[in-house]
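**Student:** Predicted model and sequence below, questions to follow.
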Amino acid sequence: MRGPDMSKEQAEKRAKALDWLNILRREHPAMSKLEAIEKTAVRFNLSPLEEEWLLMESTKSESRNPKPETG
């Protein structure tokens, strides 16, 4: 998660934001992914680049852990 030019603080901020996003989505399943990402970006004061990273990471985690189909 931490790139060669990323500070420890930046890496920790991103990790906390990703954790919070996952909790938010689990607790509010009706909330869209983009709305949850926007709320997370505001809460953690993420830059547009960090917000884009968060979107990519959340998409990766979804592909690794797909939601079970209902029906």
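**Tutor:** Now that the structure is in, tell me what you want to look at.
**Student:** what sits against the residue nearest the centre of the chain?
**Tutor:** Closest to where the C-alpha atoms of the chain average out (CA atoms, centre = their mean) is residue 18, at 3.7 Å. Contacts here follow CB atoms under 8 Å, 6 or more residues apart in numbering; on that basis residue 18 touches 54, 57-58, 61. Yep, even glycine has a C-beta here, placed from its N, CA and C like the rest.
**Student:** Of those residues, just the buried ones, PyMOL syntax please.
**Tutor:** Selection of buried members from the contacts of residue 18 for PyMOL, criterion 16 or more other CB atoms under 10 Å:
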select buried, resi 54+57+58
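**Student:** and which of the contacts of residue 18 is nearest to residue 31?
**Tutor:** Nearest to residue 31 among the contacts of residue 18 is residue 58, at 12.5 Å by CB to CB.
**Student:** so which strand or helix has that closest one?
**Tutor:** Assigned by DSSP states H and E, residue 58 falls within helix 48-64.
**Student:** what's that helix packed up against?
**Tutor:** Secondary-structure packing of helix 48-64 (3 or more CB pairs under 8 Å, 6 or more residues apart in numbering; DSSP states H and E): helix 8-27, helix 33-43.
**Student:** Can you point out the buried residues in that helix?
**Tutor:** 50-51, 53-54, 57-58.
**Student:** That helix: how far from the chain's middle?
**Tutor:** Remark: helix 48-64 is offset 6 Å from the chain centroid, using CA atoms, centre = their mean, to the nearest Å.
**Student:** Please export the C-alpha coordinates of that helix as PDB.
**Tutor:** Output of helix 48-64 as PDB, limited to C-alpha atoms (Å, rounded to 0.1, in the frame of the first residue of the first chain):
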ATOM      1  CA  PRO A  48      -8.600  14.000  -5.600                       C
ATOM      2  CA  LEU A  49      -5.700  11.600  -6.300                       C
ATOM      3  CA  GLU A  50      -6.200   9.800  -2.900                       C
ATOM      4  CA  GLU A  51      -9.900   9.600  -3.600                       C
ATOM      5  CA  GLU A  52      -9.200   7.900  -7.000                       C
ATOM      6  CA  TRP A  53      -6.800   5.500  -5.200                       C
ATOM      7  CA  LEU A  54      -9.600   4.700  -2.700                       C
ATOM      8  CA  LEU A  55     -12.000   3.900  -5.600                       C
ATOM      9  CA  MET A  56      -9.400   1.600  -7.200                       C
ATOM     10  CA  GLU A  57      -8.600  -0.100  -3.900                       C
ATOM     11  CA  SER A  58     -12.300  -0.600  -3.100                       C
ATOM     12  CA  THR A  59     -12.900  -2.100  -6.500                       C
ATOM     13  CA  LYS A  60      -9.900  -4.500  -6.000                       C
ATOM     14  CA  SER A  61     -11.200  -5.600  -2.700                       C
ATOM     15  CA  GLU A  62     -14.700  -6.300  -4.200                       C
ATOM     16  CA  SER A  63     -13.200  -8.500  -6.900                       C
ATOM     17  CA  ARG A  64     -11.300 -10.500  -4.200                       C
END
